[in-house]
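> Below is the sequence, then the predicted model.
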Amino acid sequence: MDFYKNEPQTLLAVDCVILGFNGESLEILLVKRGIAPERNKWSLMGGFVHEDESPEKAASRVLKKLTNLEDLYMENCGIFGEPGREERRVVSIVYFALIDATQYRHILSEEYEAKWFPLDKHPKLIFDHEDMISTAKHTLRTKAALYPILFELLPEKFTIPQIASLYECVYNIDLDKRNFSRKLLSSGLLIKLNEKDKENSRKGAFFYRLNMDIYKEKIMSFLRYLPSWSVDES
């Protein structure tokens, strides 16, 4: 231990960018910070990494504490450690998590005054949390172009209009709905259910579910469905 006694004492933390889809738009889950500095200001949910856990385990613990959910889709999307980002020297590893906001809206922890906000109209955040969100969005766009991870934001059964709306929100684009639907259905990724969504359309759109048996074979399919876009776009 003598070898380390003159080294700087840096705290390691995790912050979680929790994204949800309400059927029409993307949302982000924020909390009121309960400690100084910046007490009672809006923040991402985070915490320090304990000595007996990895950063990923710490992020899972933080998510469960806030949402009471386990085994969420979660991915590392960056490290933030600029000197002066907090009063003490803190390096934070950022994870983004994907949640079906409609299904889990009611089980949020009241202890942290957690609240869903529109992703593009949320309140001002503390420290460098705005930059963390930008990094998470960039990573999500890049990953979702290669893998169908956006289905994590949808309920178990969903409609084609819901999928199209989700992709338009994530990429800030206007899809050719008919062409998108035709290509998506031809991919074999979806299984049509004998049930319609009567709440959101007069005729009722059929529900589908993801074909888990073959989606890995079609994992690159989504690249063909998206118009040109740049991962650098906001």
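Sure thing, it's come through.
> In the chain, where is pLDDT below threshold?
1, 105-110, 201-202, 215-234 (pLDDT under 70).
> so where's the longest helix in the protein?
Counting residues, the longest helix found in the chain (DSSP state H) is helix 129-144.
> Tell me the helices and strands packed up against that one.
Judged by 3 or more C-beta pairs under 8 Å, 6 or more residues apart in numbering; DSSP states H and E, helix 129-144 is in contact with strand 11-21, strand 73-80, strand 90-99, helix 160-171. For every residue, glycine as well, the C-beta is placed using N, CA and C.
> Restricting to C-alpha, output the longest one in CSV.
Backbone C-alpha positions of helix 160-171 (Å, rounded to 0.1, in the frame of the first residue of the first chain) are rendered in CSV as follows:
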residue,chain,number,x,y,z
ILE,A,160,-45.7,-1.0,-37.3
PRO,A,161,-46.6,2.7,-36.8
GLN,A,162,-45.1,2.4,-33.3
ILE,A,163,-41.8,1.1,-34.8
ALA,A,164,-41.7,3.7,-37.5
SER,A,165,-42.4,6.5,-34.9
LEU,A,166,-39.6,5.2,-32.7
TYR,A,167,-37.0,5.2,-35.5
GLU,A,168,-38.1,8.7,-36.6
CYS,A,169,-37.6,9.9,-33.0
VAL,A,170,-34.2,8.3,-32.6
TYR,A,171,-32.8,9.5,-35.9
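> What distance do you get for residue 53 to residue 117?
29 Å (C-beta to C-beta, to the nearest Å).
> ok, now residue 182?
In terms of C-beta to C-beta, residue 182 sits 35 Å off from residue 117.
> How about residue 203?
Counting by C-beta to C-beta - residue 203 and residue 117 are separated by 33 Å.
> Residue 41 too?
14 Å.
> Pick out whichever of the two has more residues nearby.
residue 41 (16 against 13; other C-beta atoms under 10 Å).
> quick one: contacts for that one?
32, 33, 124, 125, 126 (C-beta atoms under 8 Å, 6 or more residues apart in numbering).
> What ranges does this structure have for its helices?
55-67, 101-104, 129-144, 160-171, 177-186.
> Could you list the domains of this protein?
11-146, 157-218 (automatic domain parsing).
> Please list all residues in contact with the closest residue to residue 196 other than its chain neighbours.
Sequence neighbours aside, residue 204 is the residue nearest to residue 196 in space, at 3.4 Å (criterion: C-beta to C-beta, 6 or more residues apart in numbering). Taking C-beta under 8 Å, 6+ apart as the criterion, residue 204 is in contact with 196, 197, 198.
> Derive a ChimeraX selection command for the buried subset of those.
In ChimeraX, a selection of the buried entries from these looks like this (16 or more other C-beta atoms under 10 Å):
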select :197
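> Just put the contacts of residue 204 in TSV and tack on distance to residue 17.
Below are the contacts of residue 204 laid out as TSV (distance: C-beta to C-beta, whole Å):
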residue	distance to residue 17
196	34
197	29
198	34
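> In strands only, show me the contacts of residue 204.
196, 197 (DSSP state E).
> In contact with the nearest residue to residue 122 once chain neighbours are set aside, which residues are there?
Leaving out its chain neighbours, the residue that sits closest to residue 122 by C-beta to C-beta, 6+ apart is residue 28, at 5.7 Å. By C-beta under 8 Å, 6+ apart, residue 28 lies in contact with 17, 18, 19, 20, 116, 117, 118, 119, 122, 133.
> could I get the helices and strands packed on helix 129-144 as a markdown table with distance to residue 48 and mean neighbour count?
Formatted as a markdown table, the helices and strands packed on helix 129-144 follow (distance: least, C-beta to C-beta, whole Å; neighbours: other C-beta atoms under 10 Å):
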| stretch | distance to residue 48 | mean neighbour count |
| --- | --- | --- |
| strand 11-21 | 5 | 23 |
| strand 73-80 | 14 | 16 |
| strand 90-99 | 8 | 22 |
| helix 160-171 | 31 | 19 |
